[in-house]
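*Asks:* Sequence and computational prediction follow.
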Amino acid sequence: FDAGECGVAPYNELESKSYVYDSLTECCLKRFPLALDTCCDAEGLGGCVTTGVTKYVPNFIEQKCQAKSEDFIDQSESKYARDTMLACCESNFSWDTQSCCTNSGGC
């Protein structure tokens, strides 16, 4: 991740059609979906603007649910996202909801 990539003007017209975004949030989501926190916190770019709506998405490797801004939930995660930690654990870890709640820091 190059922190400047979302804050740099395009070099030419061809590049400008490919990489100009309306906001830092849009740029980070499209170009750096795996480094959103780093991209959004890049110094001098003003940060990402979010709706403030939090959803809970599963982390299947760690068998827990974690809070995530609705703005940063990608299409592959959206079908698993829930409004509460408990709903996330019940829906995505139905075979062991209690462990999910414990691993998630409590439901």
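*Replies:* Yep, it's here.

*Asks:* Could I get the buried residue list for stretch 72-85?
*Replies:* Phe72, Ile73, Tyr80, Ala81, Arg82, Met85 (16 or more other C-beta atoms under 10 Å). Where C-beta positions appear, they are placed from N, C-alpha and C, glycine not excepted.

*Asks:* Dump the residues you listed into a markdown table; add secondary structure and distance to Asp96 as well.
*Replies:* Output for the buried residues of stretch 72-85, formatted as a markdown table (DSSP: H, G, I helix; E, B strand; the rest coil; distance: C-beta to C-beta, whole Å):
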| residue | secondary structure | distance to Asp96 |
| --- | --- | --- |
| Phe72 | helix | 27 |
| Ile73 | coil | 23 |
| Tyr80 | coil | 16 |
| Ala81 | coil | 20 |
| Arg82 | strand | 16 |
| Met85 | helix | 15 |
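
*Asks:* ok, so of those residues, who is nearest Lys55?
*Replies:* Nearest to Lys55, judged by C-beta to C-beta, of the buried residues of stretch 72-85 is Ala81 at 4.1 Å.

*Asks:* which one is that closest one nearest to, not counting chain neighbours?
*Replies:* The spatially closest residue to Ala81, leaving aside those adjacent along the chain, is Lys55, at 4.1 Å (C-beta to C-beta, 6 or more residues apart in numbering).

*Asks:* Same check on Cys65?
*Replies:* That would be Cys88: by C-beta to C-beta, 6+ apart, it lies 3.6 Å from Cys65.

*Asks:* A strand includes the residue nearest to Ala81, no?
*Replies:* Yes. Checked against DSSP: H, G, I helix; E, B strand; the rest coil, Lys55 lies within a strand.

*Asks:* Surely it touches Ile73?
*Replies:* Yes. Counting by C-beta atoms under 8 Å, Lys55 does reach Ile73; the two are 5.9 Å apart.

*Asks:* shared neighbours, the two?
*Replies:* Ala81 (C-beta atoms under 8 Å, 6 or more residues apart in numbering).

*Asks:* No more questions from me, cheers.
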